[in-house]
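A.B. asks: Build the 3D model from these lines:
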Amino acid sequence: MQAPSIGGVQVPRGGGQTIRLPRGASLADFADRIGANPASLVQIMLHLGEMVTATQSVNEETLQLLGAELDYDVQVVSPEEEDRELLESFKIEFGEDEGDEADLVPRPPVVTVMGHVDHGKTKLLDAIRHTNVVAREAGGITQHIGAYQVTTTHEGEQRKITFIDTPGHEAFTAMRARGAQATDIAVLVVAADDGVKPQTIEALNHAQAANVPVVVAVNKIDKEGADPTKVRAQLTEYGLVAEEFGGSTLFVDISAKLGTGIDNLLEAILLTADAELDLRANPDMDAQGLAIEAHLDKGRGPVATVLVQRGTLRVGDSIVCGEAFGRVRAMLDDNGETVEEADPSRPVLVLGLTAVPRAGDNFIVVADDRMARQIAQQRAARQRIADMARSGRRRTLEELFKDLEKGQVNELKLIIKGDVSGSVEALEDALLKIDVGEEVRLRVLHRAVGAITEHDVNLAMGDDNAVIIGFNVRPEVRARDLAEREGVDIRYYSVIYQAIEEIEAALKGMLKPEFEEVRTGTAEIREIFKVPRIGNIAGSIVRSGVITRNSKCRLIRDGVVVADNLTVVSLRRFKDDATEVREGFECGIGIGYNDIKVDDIIETYEMQEKPRV
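C.D. replies: The predicted structure is shown next:
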């Protein structure tokens, strides 16, 4: 059935039919699904006020708009569905244990430590591992995700627990959310002297969204003013009711600094795991899991900390992790010791990948290197198309006309380089959320892991002098020399919120100044003097403020503006010229406008720059 003519174009109507499209699909893809001419869809989008080419990757909003116009229910496939379909095409089932019930064996619980910044999450892990992680972190804030496995005795039996330490600053929300998705149990750390804070609730929301049980560690009980009971009462409002209050959530009072209550916390984790979870996995299948963190090591190349979720990962396996692939050359445990294989719930550092994967990418073991390369390349292609659609903001005809009227919109272009992929991704996400209005845009030209290279400097030079951000990385010698020679701005940061604050300040600095009108004075006309060759002069009394010579003014009669955009051309006190006349004094005012009457009001004003908030 043909649609009614839309802007003179005939296309098939959908009648509510559902169409599934990949992220970043083009109008040509849409046309192919409904049997239409792509050119006709371009014309329809033009009719709707949007300029889109047939082969351009467009975002979900544009596809939905076109679908609604043609009566189609457009469903954009999620990244997870895309990946599942891709793996199914290679006959790989991800996220499922292969084999019978008898093949499943118990595995250690994976625990994520979450909570508000500076409530002692890393110090807690520090106490558990008897190491000093906090001293190595910039500003005492955890910048990376770490994964550690510890052994404890529970009911006379040696048991292992895997801990994931998630970053504490609020800018790392995305990374912390990924930590919750990889976990079996969440340990919510709350300082007894500080109580429940916004990030505490945010962390709890992540844990509840992931549908994992929560154990609350009430830390800093050794500090003055500590009130563990208050913490229990506060968390009751959010559905965490302590056992002693008749609920089911385990609360453990600890002091990470003194090492108090650590054994009780480990016991509470194992009790929760045994009571609420069936933690079993098949160790005899090809390994599958998650990249917790990844970075570029100067001597080893790309390395990734991975958490094996099912199967056993062995040295020599061909793996694909997100858009990276390779053969496992070596594996190291959290103590830096070489291991030959990693069973379920074990975190290991993997060497041998061709690129640095992103934090949160899943990894799978495949039959050979060729299959790994094909999967990685297809994932990269899909992600590239999705990124193009996301970065290519929809432009309406009205916006184009407005831009032509007001001139070019200012744009701050960034190149982000960092030491680990999680930090780079979290920094980009935080920076893109900075909103200072429509006059200034922020665009990330390139982001990657590793030192700042000549390629990065050349990219910055070739794109209107983009700014390079180095997060815990420095430029190579030749790159530094080139940047100094060409005047390329490189900014170095080690704490993420400093980067956010400086970039936000830079964006505000790029804004064109805004001016607002400020009234400076009013004068009431009492008498009119006719001066030859000059015109009418208003004999006036200043009612408010100050009347200043050469200031802008307007004439108001009975509350209505009679004349605007005038200037105080002359100002006299008796026979003397005056620069200004203050409230309560009489004066003669010439405004270069003769149609003035007694009782008219002269209002003076000036344009002042409005401070940006």
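
A.B. asks: Could you tell me the phi and psi values at the residue with the largest distance to the centre of the chain?
C.D. replies: In the chain, counting by Cα atoms, centre = their mean, Pro532 sits farthest out from the average C-alpha position, at 69.8 Å. With angles defined as degrees, to the nearest 10, Pro532 sits at phi -60, psi 140.

A.B. asks: Would you check how far apart it and Ser540 are?
C.D. replies: Noted for Pro532: a distance of 20 Å to Ser540, by Cβ to Cβ, to the nearest Å. C-betas here are computed from N, CA, C, even on glycine.

A.B. asks: go on, Asp456?
C.D. replies: As judged by Cβ to Cβ, Asp456 and Ser540 stand 66 Å apart.

A.B. asks: Show the pLDDT at Phe251.
C.D. replies: pLDDT recorded at Phe251 is 96.

A.B. asks: for it, what are its contacts?
C.D. replies: Residues near Phe251 by Cβ atoms under 8 Å, 6 or more residues apart in numbering: Val215, Val216, Val218, Pro228, Val231, Arg232, Ala242, Glu243, Glu244.

A.B. asks: Next one: the fourth one from Ser248, what distance?
C.D. replies: With the distance defined as Cβ to Cβ, Pro228 ends up 18 Å from Ser248.

A.B. asks: Looking at these two, which one has more neighbours?
C.D. replies: Comparing Pro228 with Ser248 by other Cβ atoms under 10 Å, the one with more neighbours is Pro228, at 20 against 12.

A.B. asks: Got the confidence number for Asp361?
C.D. replies: With respect to pLDDT, Asp361 has a value of 85.

A.B. asks: List the residues that contact the nearest residue to it once chain neighbours are set aside.
C.D. replies: Of all residues not flanking Asp361 in the chain, Gly322 sits nearest, at 2.9 Å (Cβ to Cβ, 6 or more residues apart in numbering). Contact analysis of Gly322 by Cβ under 8 Å, 6+ apart lists Ala291, Pro357, Arg358, Asp361, Asn362, Phe363, Ala376, Arg379.

A.B. asks: how close does Asp368 sit to Gln288?
C.D. replies: Applying Cβ to Cβ to Asp368 and Gln288 gives a distance of 17 Å.

A.B. asks: Pick out whichever of these two has more residues nearby.
C.D. replies: Set side by side, Asp368 and Gln288 show more neighbours around Gln288, with 24 against 9, by other Cβ under 10 Å.

A.B. asks: Relative to Leu332, how far out is that one?
C.D. replies: Gln288 is 20 Å from Leu332, where distance means Cβ to Cβ.

A.B. asks: Report the residue spans of the stretch 1-150 of the chain with pLDDT below the cut-off.
C.D. replies: 1-9, 131-146 (pLDDT under 70).

A.B. asks: how about the helices in it?
C.D. replies: For the stretch 1-150 of the chain, applying DSSP state H, counting those that start in this stretch gives helices covering 27-34, 38-47, 60-69, 79-89, 121-129.

A.B. asks: Likewise for the stretch 451-600 of the chain?
C.D. replies: Under DSSP H, counting those that start in this stretch, the stretch 451-600 of the chain gives helices at 454-462, 477-486, 496-510.

A.B. asks: Could you say which of these is packed most deeply?
C.D. replies: helix 454-462 (a mean of 18; mean count of other Cβ atoms under 10 Å).

A.B. asks: which stretches of the stretch 401-550 of the chain aren't confidently modelled?
C.D. replies: Within the stretch 401-550 of the chain, the ranges that satisfy pLDDT under 70 run 401-409, 438, 463-465, 510-513.

A.B. asks: Could you rerun that using 80?
C.D. replies: 401-411, 422, 435-441, 462-465, 508-515 (pLDDT under 80).
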